[in-house]
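> This is a predicted model, with the sequence first.
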Amino acid sequence: MIYLIDASVFVFRAYYTIPADMQAPDGTPINALYGFCRFLGDILERQKPEYIAVAFDESLSTSFRNEIYPDYKGNRDPAPEDLKVQFALCRQAAALLGLSVFSSPRYEADDIIGKLSVFMRAAGNASTIVSRDKDLTQLIKPGDKFWDLKKAPLEYSQIKEYFGVHPEAIADFLALTGDAVDNIPGIPGVGKKTATALLESFSSLDDIYANIPTISTLKIRGAKTLGAKLLEHKELVYRSRELTEIAVEMPLDVTVDGLKRQRPQVEMLNEFFDDLGIGQGLRNQIKRL
């Protein structure tokens, strides 16, 4: 089992949870760093993973998805300045804790996690994806888990109960409905209920379009005009599908041994914490790892 950490989710969570007045002696903000280190320490202490990797996002505007759709994530505000500096510190801390750290200017953390999950599955290892991002559930296969830490990890068989469709249909579902979080356009008037009903009747987006003549017979609200609406927006929905699908074939130089958890570099961590004025509580947790 490999634990694949969607770092940004938990850096942001720490930033908005821990008071902003937590600072290093030179005034550098460290609230997000401190919370993220505690989060990683908890994962390592409780789960004791043999394999673990942490994936970071580098940019909101340089992903290959921006080439497909320039407005992709265009609705998001840049990270606050006092958080930007902490992302670099979080990456440094994760590496000092003995974890494999990945990021890319062209691919997102989701793509990195997808690549690592597929790579490790081929090597006989299941994955626990640690995130709150529903997009990542499309990666879940039997034996894998999706865990947002606030409730018990979800198994493959539980994804449909929570998200309405099976993992294999998540990317198609998001292409049909759109995703306001990532500024991905969907088909106007096609909401979650309609998309779910379509994907219960047909196995995929391709299957939906192969059966347009039969859609009017389905027990779906607006079924009589739904086929025409799907045809009208076919180009849009397939472009959206390029955005919602995780790029599991992204290039990434990785080995199984390279994903093994290493021992924390205690001396370098202590120097790192000294420079930032981080006290004994976090160090004591590190000692237990």
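Cool, got the structure. Residues are numbered from 1 along each chain as shown.
> all helices in the stretch 1-150 of the chain, in order from the N-terminus.
7-17, 31-47, 64-68, 81-96, 109-122 (DSSP state H, counting those that start in this stretch).
> ranking the ones you listed by burial, who's on top?
Burial of the helices of the stretch 1-150 of the chain is given as mean neighbour count (mean count of other Cβ atoms under 10 Å); helix 109-122 ranks first at a mean of 22. All C-beta spots, glycine's among them, are computed from the backbone N, C-alpha and C.
> Run through who's touching it.
By Cβ atoms under 8 Å, 6 or more residues apart in numbering, the residues outside helix 109-122 that reach it are 2, 4, 6-8, 51, 53, 55-57, 102-104, 126-127, 129, 131, 133, 135-136, 139, 141, 144, 246-250, 252, 254, 256, 259.
> what do you get for stretch 270-277?
Stretch 270-277 has contacts (Cβ under 8 Å, 6+ apart) with Gln23, Ala24, Pro25, Thr28, Ile30, Leu33, Leu89, Gln92, Ala93, Leu96, Leu282, Arg283.
> Need these in TSV (columns: pLDDT).
Output for these, formatted as TSV (pLDDT from 0 to 100):
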residue	pLDDT
Gln23	93
Ala24	94
Pro25	93
Thr28	94
Ile30	96
Leu33	96
Leu89	96
Gln92	96
Ala93	96
Leu96	96
Leu282	86
Arg283	83
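> The contacts of helix 109-122 in strands, which ones?
Counted as lying in strands by DSSP state E, out of the contacts of helix 109-122, are Ile2, Leu4, Asp6, Tyr51, Ala53, Ala55, Phe102, Ser127, Ile129.
> which of those count as buried?
Among the ones in strands among the contacts of helix 109-122, those scoring as buried are Ile2, Leu4, Asp6, Tyr51, Ala53, Ala55, Phe102, Ser127, Ile129 (criterion: 16 or more other Cβ atoms under 10 Å).
> now, which of those residues sits nearest Ala169?
Ile129 (17.2 Å; Cβ to Cβ).
> From Ile52, how far off is that closest one?
12 Å (Cβ to Cβ, to the nearest Å).
> list residues touching both of these two?
Leu4.
> Now tabulate the ones in strands among the contacts of helix 109-122 in JSON lines and tack on pLDDT and distance to Leu236.
Formatted as JSON lines, those follow (pLDDT from 0 to 100; distance: Cβ to Cβ, whole Å):
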{"residue": "Ile2", "pLDDT": "98", "distance to Leu236": "36"}
{"residue": "Leu4", "pLDDT": "98", "distance to Leu236": "31"}
{"residue": "Asp6", "pLDDT": "97", "distance to Leu236": "28"}
{"residue": "Tyr51", "pLDDT": "98", "distance to Leu236": "39"}
{"residue": "Ala53", "pLDDT": "98", "distance to Leu236": "34"}
{"residue": "Ala55", "pLDDT": "98", "distance to Leu236": "29"}
{"residue": "Phe102", "pLDDT": "97", "distance to Leu236": "32"}
{"residue": "Ser127", "pLDDT": "98", "distance to Leu236": "32"}
{"residue": "Ile129", "pLDDT": "98", "distance to Leu236": "29"}
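> Can you pick out the most distant pair from those?
Using Cβ to Cβ, the pair of the ones in strands among the contacts of helix 109-122 lying farthest apart is Asp6 and Tyr51, separated by 15.9 Å.
> got the contact list for Leu154?
Neighbour list for Leu154: Thr137, Ile140, Lys145, Phe146, Trp147, Tyr162 [criterion: Cβ under 8 Å, 6+ apart].
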